[in-house]
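**Q** model this:
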Amino acid sequence: MFTIREIAAAMGTGFEGAGDLVIARAAEPAAAGPDDLALAMSPRYAEGLAQGRARAAVVWPGADWQAMGLQAAILAPRGRLAMAGLTRALDPGPLLAEGIHPMSVIDPSAEIGAGACIGPFVVIGAGARVGAGARIASHVSVGAGAVIGDRALLLEGVRIGHHVVIGDDFIAQPGAVIGADGFSYVTPEVSGVEEIRQTLGVRGEIRPQSWQRIHSLGTVEIGDGVEIGANSTIDRGTIRATRVGHRTKLDNLVHVAHNVELGEDCLLCAMVGVAGSSRIGNRVVLAGQVGVVDNIFVGDDVITGAGTLIMTNAPAGRVLLGYPAVKMDAHVAMQKALRRLPRLAERVAKLEGGAE
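**A** Take a look at the predicted model:
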């Protein structure tokens, strides 16, 4: 339970009306009851407020909240930013008891920080270090020599490989795997893949080939405030570390390959794949199903549309779309031209027919 005053303070914004009104939960306007805080950050939600029974709401700037029958209102100049503060205030997090569950296995040489919560069936390897206030849910494994910072949250089934280093305030959703081996193989002779990369598709003699593993001797280093989505994977480097910068966020089903360097404050949406040894700058946004080929550089502040394939270096600040990636405005123009092709072909056919 929270008062309107407490919620507004947590959101970093102001309120009007009954600041001591107690709220149990957040709700959509039409479904909100007397103990709910209705989320009505836009005028289009006014009708929903009339249908619900909320006494308090988060409202848009300039809203006449008293005319809508409310007793209190929290002001939200930016709706989604208000949602960030509100959900942070109301989220209780996973219910994990402080201490180590008796059904977990912790190597005697591992170090567990003060106030850590470790659930059942957790395995923590030799020499690993878990920071103060960390919360580790059931069926998590932390490899030998791994370091996990303060206040980390590792949810069910997370796998942290040996000697991975993770900063403070880390969040990993269920099934995330940090520190698996990279996908790196070589053939004794020049492979067909190497050949066509040189010739852009021209093949010489085709011979049987057998792949030999290149082992991953590096690790993964992750900064502070990083979040990893469910079933996402970050591979360890071949020799040096794969790196993820401070406050970068990965959605579900994202794959970051060996030796990749991700900058700070990046967003990688669902099903993004970044191939080996590529470097991604700061504040880069890769939308859903974006691919980045190996050994290229994506500059700071690049933003891509969904399904984009980046095949060459991308300058800082560029907005990209398409396969292969081009400037977004160029891609839109190309698609418009593509839609005109059937009519153009019809006109050409008529002209050719008339010429005969």
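**Q** neighbours around the nearest residue to K249 once chain neighbours are set aside, how many?
**A** Counting by Cβ to Cβ, 6 or more residues apart in numbering, K249 lies nearest to E227, which is 4.7 Å off, once chain neighbours are set aside. Where you see a C-beta, it was placed from the backbone N, CA and C, and this is true even at glycine. Look at E227: counted by other Cβ atoms under 10 Å, it has 17 neighbours.
**Q** so E227 sits right up against I166, yeah?
**A** No. Between E227 and I166 there is no contact, the gap being 11.4 Å when judged by Cβ atoms under 8 Å.
**Q** list the contacts for T219?
**A** Neighbouring residues of T219 by Cβ atoms under 8 Å, 6 or more residues apart in numbering: G161, H162, H163, V164, V165, G179, R236, G237, A241, T242.
**Q** go with 10 Å
**A** 143, 145-147, 161-165, 178-179, 236-237, 240-243 (Cβ atoms under 10 Å, 6 or more residues apart in numbering).
**Q** again with A54
**A** Here A54 is in contact with 23, 27-40, 48, 68-72 (criterion: Cβ under 10 Å, 6+ apart).
**Q** repeat that with 7 Å
**A** A54 makes contact with P29, A32, D36, A38, L70, according to Cβ atoms under 7 Å, 6 or more residues apart in numbering.
**Q** pairing partners for the residue nearest the centre of the chain in the sheet, please.
**A** Centroid-nearest residue in the chain, with Cα atoms, centre = their mean: L250, separated by 2.1 Å. As for beta bridges, L250 partners with I228, L268 under DSSP bridges.
**Q** could you check the pLDDT of it?
**A** We have a pLDDT of 98 for L250.
**Q** and the pLDDT at the residue nearest to G33 when sequence neighbours are not counted?
**A** In this structure, G33 finds its nearest non-sequential neighbour in R53, 5.3 Å apart by Cβ to Cβ, 6+ apart. According to the prediction, R53 has pLDDT 93.
**Q** now V105: how far from P120?
**A** The span separating V105 from P120 equals 10 Å under the rule Cβ to Cβ, to the nearest Å.
**Q** list the buried residues of the helix or strand of the chain with the lowest mean pLDDT.
**A** Least confident helix or strand of the chain, by mean pLDDT, DSSP states H and E, is helix 79-90 with a mean of 86. Using 16 or more other Cβ atoms under 10 Å as the burial criterion, the residues of helix 79-90 that qualify are A82, M83, G85, L86, A89.
**Q** so how many other residues sit close to the closest residue to R151 other than its chain neighbours?
**A** Nearest non-adjacent residue to R151, counting by Cβ to Cβ, 6+ apart: G133, 4.6 Å away. By other Cβ under 10 Å, the residues close to G133 number 18.
**Q** what about L39, which SS state?
**A** strand (DSSP: H, G, I helix; E, B strand; the rest coil).
**Q** tell me the bridge partners for it.
**A** When assigned by DSSP bridges, L39 has beta-bridge partners V58.
**Q** can you count the residues close to it?
**A** The number of residues packed near L39 is 23, by other Cβ under 10 Å.
**Q** so it sits right up against E28, yeah?
**A** Yes. L39 lies in contact with E28 (Cβ atoms under 7 Å); the separation is 6.3 Å.
**Q** residues bridging contact with the two, i.e. touching both?
**A** Residues touching both L39 and E28 (Cβ under 7 Å, 6+ apart): there are none.
**Q** give me the distance from stretch 83-93 to the chain's centre.
**A** Averaging C-alpha positions (Cα atoms, centre = their mean, to the nearest Å) puts stretch 83-93 18 Å from its chain's average.
**Q** and stretch 294-310, by the same measure?
**A** Taking the mean of its C-alpha atoms, stretch 294-310 sits 15 Å from the chain's own mean (Cα atoms, centre = their mean).
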